[in-house]
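Participant: build me a model:
(chains A and B)
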Amino acid sequence: MATTDNREDYLINILRLSGDGDGVVRTSELSDLMGVSPASVSEMVKTLSEEGLVDYVRYKGATLTERGRELAMKIRRKHHIAERFLTDVMDMDMEDAHQEACRFEHHMSDESADKLCRMIGPKIDDDCAYCTDPCHDAGAMIGDTPLSELEKGGCGRISYLKCEDAEKIKKLISMGFVPGRDVSMVSAVSGNGPRIVKVGDSAIALDKELSSLIYIESAN
Amino acid sequence: MKISIIGQPNVGKSSLFTRLTGVGVITSNYPGTTVEFEESAITRGGTRITFRDLPGTYSITGNSDDELVVTKDILSRDADAFLLVVDSTNPEPSLVLAMETLELGVPAIIALNKIDVGNKLFDIDHDALSETLGVPVVPVSAKTGEGIDALADAIVAGSAAVSGHRIRYDSHIEEYLLGLEATLGRTEFSARGIAVKTLEASKPFSGLAPSETVSLAEAYSRIFEESHGESIDVHIARDRFGDAHIVASKAFAKTTRQRTLSEKISDLTTDVMTGIPILIGVLALTFLTFVAVGTFLDELIADAYDAYVGTAIIDYGQANFGTFGAAVFEGIDTSIVTLLGLVVPYIMVFYILLGILEDTGYLPRAVVLLDNAMHRMGLHGGAFIPMLMGLGCNVPAIMGVRTIKSRREKIILSTIIAMAVPCSAQLAIIIGITGRYAGLGMSFAIFAILLALAVVAGAVMDRVMRFEPTNLALELPPLSMPMPRNVLLKMWYRVKDFFVIAAPLLVVGSIAIELLLSYGLLDKLIDPMSFLTVGILGLPAATIVAFIVGIIRKEMAAGMLITLAAAQGLTLATFMTPDQFAVFGLVMAIYIPCLATIAAMWREIGWKETLAVSTLSIIVAIAAGAAMNLALGLF
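Facilitator: Have a look, this model is predicted:
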């Protein structure tokens, strides 16, 4: 695992030095920042290049590929989530939390990152634009399905509601579709037809649009 | 003493109002029945109590019409206390509304309704609930009458109290509330309650708060949303539900039980595979029962009238008075025949069947199953209920259009109701006149044509008019056995309106028409219009009088036909051929809605559209009648 951690550290640092991914990062810059020899850097950059995560330009340095950039951002997001969890919930001081988060970031699953996000809802005060709001698109990640997609007989817990129109959210909330409550799918009249769902002990029919605004953590 | 009743849809609010006051409110198992509120007073133990039945709402935070009626009532401080209705069979959601109201610091009593069923589902400790919330809790059943006296006594005794219960919110929200309360001056409501409503950005209530409180609340909500990634009103609702869950779990212990038969049937009605056949079965059975019972009673009454009264009234008038007096008596006779042949067999039977359908809780299921089909006609499932009501009378059906938000749907639905949904008077003509003299097969043919007309009109308007999305969100109440008492009472309230409003008009109108006829004034219309009646529709020229009269009220057209036949010395049976009866029934069913319906449409969709629909209905009626005349001539 150590090699994986190491790999991911390189990716994050390239991301950081390149100002979020566009510029070319010199081998010397990396070796300075990470306190390792330029030779080790060159070797690792070559490996990463073979994996298609960076483009290696001889004598100049390295840039992140699209895939590499995505991976780096994902890891950095986990770093900030972990850091925030450690400071806000565990009451750890910032320096220790940072060190700890450097280890957490490599081992945290996407799912637990999302769950932590929902628990703390952090706003990260950091230098990078992307991580000011690491939980921004937590909703779109795995684990949450729109209620409309639930199979007949399926059940889950309401995670959040998402819609531009506040009136629609108000209406759903007032009918009992509140985050944290259990819902189950009784039946769907047809593919695009209304859904009959149970929330608590009430049976309610919702059209497909309204039911797709309710995201649930599915239990199955 | 004034008491306002607040509760969610389907908790039995209106039934409770009826039980408490003895005054009829149409209670139905779907939301939106009480658009405005009903008020009624009783005297108990020397105290006069005025009850006000507010529309059922899910919350008092939003801006829907129903919610605004309720918030306005709360804000007016007109009520001395509030009666909060909680459904003991499904306590959590209705407790949320009750607790939302209690939070405002208004004196209240909780009625724990449907206790007869609730006691089977839970071990209910209503004292524990009362202790937690700090207001009296009285278990009642509006259905069986259990606990109603105790409730009325508690109200008279002035035992309504202000709740001391605090809903526990997220710690950040609690801090915000303290901050907001500090900026609030004195209000007639609890500062905490107003602070919560201001945080929720609930307009009617935040209006009570000074502007600095409102802007502070806005700042708080922004901070909250940024740091929690969830909007504050969603979070408040979440906490409120959480608290209601805790409160409910203290007072309601779930008993282990088998799924009831009604739950098993309910599953069948909502599953598509079984639901659609059941829907078709229910509608077909209802319709056939209506036709069978209606025609049976119609003939029974007609025979009885012939046997016991016959022409006695007319003879009396002719023997004792001149032209004028005789015409008056003939008018009276016509209106009695029309009322007997219409109200008892068709209107009463229809409203009994409608009441049964409503009270079983089946209708919302039909709405859901029909949603897709209705989309093809540019409508949504909810349009089914006004259409069904339209079979009784088009006027309340058109008024029901008000609950639909989309203007496009309002127009489509009004057009379909006015043209293709026969009201009970038109049903009486189609079944009682066309059916009797041209065979019931012809009645069914007319119904089939009307159904096709509805589908075509809807589909065409759907294509022509710009699409506006609408949403369907409807609670499905549990299925239950209708109580004959409630069904009969509802039928009576609905028919009573007919007697009070329509019957006098019918008598006056019939007398006026008889007078015009006896002085030969209507005859002037007959010849000039014969190109239409005789030429295009193949009917006797005199039927134009029935069509004209039918614009005022459709019932009068039915009576008119008898009078017109009698004027020519004929019985109804010999006045027209079976084919002519068929054409007459079809044209009558489609052309121009009656004046009351036109007035209702004018209010709901505007005069231009009303004029367009009325004109269209004449053209379609003549075209359909002419086509039927030609088709029948071929065979």
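Participant: list the contacts for B:Ala512?
Facilitator: B:Gly331 (CB atoms under 8 Å, 6 or more residues apart in numbering or on different chains). In this view, the C-beta of every residue, glycine as well, is placed from N, C-alpha and C.
Participant: what about it, helix or strand, and which?
Facilitator: For B:Ala512, the enclosing helix or strand under DSSP states H and E is helix B:503-518.
Participant: for chain B, give me its nearest residue in chain A.
Facilitator: In chain A, no residue comes nearer to chain B than A:Ser174, which is 3.7 Å away by CB to the nearest CB.
Participant: hang on, that residue packs against B:Gly56?
Facilitator: No. Applying CB atoms under 8 Å as the test, A:Ser174 and B:Gly56 come out as separate, 11.6 Å apart.
Participant: quick check on the residue of chain A closest to chain B: phi, psi?
Facilitator: With angles defined as degrees, to the nearest 10, A:Ser174 sits at phi -70, psi -30.
Participant: burial check on it, number of neighbours?
Facilitator: For A:Ser174, the neighbour count with other CB atoms under 10 Å in any protein chain shown is 24.
Participant: give the next helix or strand downstream of the helix holding B:Ala512.
Facilitator: helix B:523-526.
Participant: circling back to that earlier point, dump the residue contacts of the residue of chain A closest to chain B.
Facilitator: Here A:Ser174 is in contact with B:57-59, B:61-62, B:237 (criterion: CB under 8 Å, 6+ apart).
Participant: next: B:Leu632.
Facilitator: B:Leu632 sits in contact with B:579, B:582-583, where contact means CB under 8 Å, 6+ apart.
Participant: distance of B:Gly509 relative to chain A?
Facilitator: 44 Å (CB to the nearest CB, to the nearest Å).
Participant: buried residues in the longest helix anywhere in chain A?
Facilitator: The longest helix of chain A (DSSP state H) is helix A:66-84. Buried residues in helix A:66-84, counted by 16 or more other CB atoms under 10 Å in any protein chain shown: A:68-69, A:71-84.
Participant: next, see if that helix gets close to chain B.
Facilitator: No. Judged by CB under 8 Å from any CB of the partner chain, helix A:66-84 stays clear of chain B, getting no closer than 10.9 Å.
Participant: show residues contacting the helix or strand just after that helix.
Facilitator: Counting by DSSP H and E, the next helix or strand C-terminal to helix A:66-84 is helix A:94-107. With CB under 8 Å, 6+ apart as the test, helix A:94-107 has contacts from A:1, A:4-5, A:8-9, A:12, A:75-76, A:78-80, A:82-83, A:86-87, A:90, A:92.
Participant: same check, this time on stretch B:112-123
Facilitator: In contact with stretch B:112-123 (CB under 8 Å, 6+ apart) are residues B:7, B:11-13, B:16, B:85-89, B:91, B:124, B:126, B:129, B:137-144, B:146-147, B:252-255, B:257.
Participant: repeat that for 7 Å
Facilitator: B:11-12, B:16, B:85-89, B:124, B:126, B:137-144, B:146-147, B:252-255, B:257 (CB atoms under 7 Å, 6 or more residues apart in numbering or on different chains).
Participant: and the nearest residue to A:Ser49 once chain neighbours are set aside, how many neighbours does it have?
Facilitator: Of all residues not flanking A:Ser49 in the chain, A:Tyr56 sits nearest, at 4.0 Å (CB to CB, 6 or more residues apart in numbering or on different chains). Other residues lying near A:Tyr56 total 16 when counted by other CB under 10 Å.
Participant: please apply the same query to B:Ala546.
Facilitator: Quick note: B:Ala546 (other CB under 10 Å) scores 25 neighbours.
Participant: against chain A, how distant is it?
Facilitator: As judged by CB to the nearest CB, B:Ala546 and chain A stand 44 Å apart.
Participant: name the element that residue belongs to?
Facilitator: helix B:543-552.
Participant: what is that helix packed up against?
Facilitator: helix B:523-526, helix B:554-567 (3 or more CB pairs under 7 Å, 6 or more residues apart in numbering or on different chains; DSSP states H and E).
Participant: where's that helix relative to the chain centroid, distance-wise?
Facilitator: 29 Å (CA atoms, centre = their mean, to the nearest Å).
Participant: name the residues that touch that helix?
Facilitator: Contacts for helix B:543-552 (CB under 7 Å, 6+ apart): B:509, B:513, B:522, B:525-526, B:529, B:533, B:556-557, B:560-561, B:564, B:584, B:588, B:591-592, B:594-595.
Participant: chain A: strands as residue ranges?
Facilitator: A:54-57, A:61-64, A:144-146, A:155-161, A:182-188, A:195-199, A:202-206, A:214-218 (DSSP state E).
Participant: same thing with the stretch 101-250 of chain B?
Facilitator: With DSSP state E, counting those that start in this stretch, the ranges of strands along the stretch 101-250 of chain B come out as B:108-113, B:122-124, B:137-139.
Participant: right, and those strands - which one's nearest B:Asp170?
Facilitator: strand B:108-113 (25.6 Å; CB to CB).
Participant: report the angle between the worst-scoring helix or strand of chain A on mean pLDDT and strand A:214-218.
Facilitator: Least confident helix or strand of chain A, by mean pLDDT, DSSP states H and E, is helix A:110-120 with a mean of 71. Using axes from the mean of the first three to the mean of the last three CA atoms, to 10 degrees, the inter-axis angle of helix A:110-120 relative to strand A:214-218 is 120 degrees.
Participant: dump helix A:110-120 to CSV, keeping only the CA atoms.
Facilitator: Extracted in CSV, the C-alpha atoms of helix A:110-120 (Å, rounded to 0.1, in the frame of the first residue of the first chain):
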residue,chain,number,x,y,z
ASP,A,110,-16.0,7.2,-1.6
GLU,A,111,-19.0,6.1,0.4
SER,A,112,-17.6,7.0,3.8
ALA,A,113,-16.3,10.3,2.4
ASP,A,114,-19.9,11.1,1.4
LYS,A,115,-21.3,10.0,4.7
LEU,A,116,-18.8,12.1,6.6
CYS,A,117,-19.7,15.0,4.4
ARG,A,118,-23.3,14.7,5.3
MET,A,119,-22.5,14.5,8.9
ILE,A,120,-20.3,17.5,9.1
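Participant: show me what that helix is packed against.
Facilitator: helix A:66-84.
Participant: my read is that A:Ser212 contacts A:Leu161, right?
Facilitator: No. Taking contacts as CB atoms under 7 Å, A:Ser212 lies outside contact range of A:Leu161: 10.5 Å.
Participant: settle it for me: which of those two has more neighbours?
Facilitator: More neighbours surround A:Leu161 than the other of A:Ser212 and A:Leu161, with 23 against 17 (other CB under 10 Å).
Participant: who does that one form a beta bridge with?
Facilitator: A:Ile214 (DSSP bridges).
Participant: now for it: which residues touch it?
Facilitator: By CB under 7 Å, 6+ apart, the residues touching A:Leu161 are A:169, A:172, A:177, A:213-214, B:234.
Participant: run the last query once more with 10 Å
Facilitator: A:139, A:147, A:168-170, A:172-173, A:177-179, A:210, A:213-215, B:230-231, B:234, B:237 (CB atoms under 10 Å, 6 or more residues apart in numbering or on different chains).
Participant: break chain A into its domains for me.
Facilitator: Domain ranges of chain A: A:2-64, A:72-140, A:144-218, per automatic domain parsing.
Participant: which stretches of the chain have low pLDDT?
Facilitator: All of this is about chain A. Within chain A, the stretches with pLDDT under 70 are A:1-4, A:21-22, A:88-89, A:118-143, A:218-220.
Participant: my question was about chain B, not that one.
Facilitator: Looking along chain B with the criterion set at pLDDT under 70, you get B:23-37, B:257.
Participant: just list the residues touching the residue in the stretch 501-635 of chain B positioned nearest to chain A, thanks.
Facilitator: Distances between the stretch 501-635 of chain B and chain A by CB to the nearest CB are smallest at B:Glu604, namely 22.3 Å. Taking CB under 10 Å, 6+ apart, we find B:Glu604 in contact with B:398-402, B:404, B:410-411, B:413-414, B:610.
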